[in-house]
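[1] next come a sequence and a model predicted from it.
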Amino acid sequence: MNSVLETPITAPSLKAGRQTKWKILLIDDDPAIRQLLNRLLTEEGYIVVSAANGFEAIEMASSTQFDLVLLDLNMPLLDGWDTFQEISKKNPLMPFIVITARPNQLFPAVASGTGALLEKPLDFQKLFSTIHALLNEPPKVHLARMAGRPAEFHYVPPKGDGYEGRKVRNGK
């Protein structure tokens, strides 16, 4: 089991004058990815708590308040989508960013109400801008997305595929 990593740092990239440090739950079974993302996010000024699997993440989310979840879909023990359902059931207003190398996840991500889908390999600058956008998103946008109404959704295809990250609108 992975130990919890928490490192508060004053955020240089957060809005000027803001004293609150955003807390991110990072869920990925790959220790190297967790370590890299933890370091990069901490350098950006976020408090990062890491989980190695869905069960660990669900336990952490039930005992700690997070501002955002960064979730990998490919995990042993408990699939990423099952983890998403369990955490969002108890924390319906928490924004999620799904990261994956799985193909064909755009429509499930939009339908689920997540805030973003980032495909691997990740573009870290776009990851940071997506995190910032979701953390500063008005609650009504998040609620609309969760209810299946038209709302902004962030999609970033794999780095180097020739496409730029884009915002799309979900809904009917």
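    Right, received. Where do you want to start? As the structure is a prediction and not an experimental result, all values here were calculated from the model. Numbers count the residues shown, from 1 in each chain.

[2] got the residue ranges for the helices in the protein?
    In the chain, the segments counted as helices under DSSP state H are 31-43, 54-63, 80-90, 106-112, 124-135, 139-146.

[3] make JSON lines from the ones you listed and add mean neighbour count to it.
    C-beta: built from backbone N, CA, C; applies to glycine. Formatted as JSON lines, these follow (neighbours: other C-beta atoms under 10 Å):
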{"stretch": "helix 31-43", "mean neighbour count": "16"}
{"stretch": "helix 54-63", "mean neighbour count": "18"}
{"stretch": "helix 80-90", "mean neighbour count": "18"}
{"stretch": "helix 106-112", "mean neighbour count": "16"}
{"stretch": "helix 124-135", "mean neighbour count": "18"}
{"stretch": "helix 139-146", "mean neighbour count": "16"}
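
[4] determine which of these approaches Leu118 most closely.
    Between Leu118 and the helices of the chain, the shortest gap by C-beta to C-beta is with helix 124-135, which sits at 6.0 Å.

[5] in terms of mean pLDDT, which of the helices of the chain ranks lowest?
    Among these, helix 139-146 has the lowest mean pLDDT, at a mean of 89.

[6] and Ile97, what does it touch?
    Taking C-beta atoms under 8 Å, 6 or more residues apart in numbering as the contact definition, Ile97 lies against 68-71, 114-118, 127, 130-131, 134, 154.

[7] bridging residues for it?
    For Ile97, the beta-bridge partners under DSSP bridges are Leu70, Ala116.

[8] can you put the helices of the chain in CSV and add distance to Lys159?
    Compiled in CSV, the helices of the chain are given as follows (distance: least, C-beta to C-beta, whole Å):
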stretch, distance to Lys159
helix 31-43, 14
helix 54-63, 25
helix 80-90, 20
helix 106-112, 16
helix 124-135, 8
helix 139-146, 25
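
[9] quick one, which of those helices is nearest to Phe96?
    So among the helices of the chain, helix 80-90 is nearest, using C-beta to C-beta, at 6.1 Å.

[10] return that closest one as CSV; C-alpha atoms alone will do.
    Output in CSV follows, covering the C-alpha atoms of helix 80-90 (Å, rounded to 0.1, in the frame of the first residue of the first chain):
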residue,chain,number,x,y,z
GLY,A,80,-11.1,3.7,-12.7
TRP,A,81,-14.8,4.1,-13.7
ASP,A,82,-15.9,2.1,-10.6
THR,A,83,-13.7,4.3,-8.5
PHE,A,84,-15.2,7.4,-10.1
GLN,A,85,-18.7,6.2,-9.3
GLU,A,86,-18.0,5.4,-5.7
ILE,A,87,-16.2,8.7,-4.9
SER,A,88,-18.6,10.9,-6.9
LYS,A,89,-21.6,9.2,-5.2
LYS,A,90,-20.4,10.6,-1.9
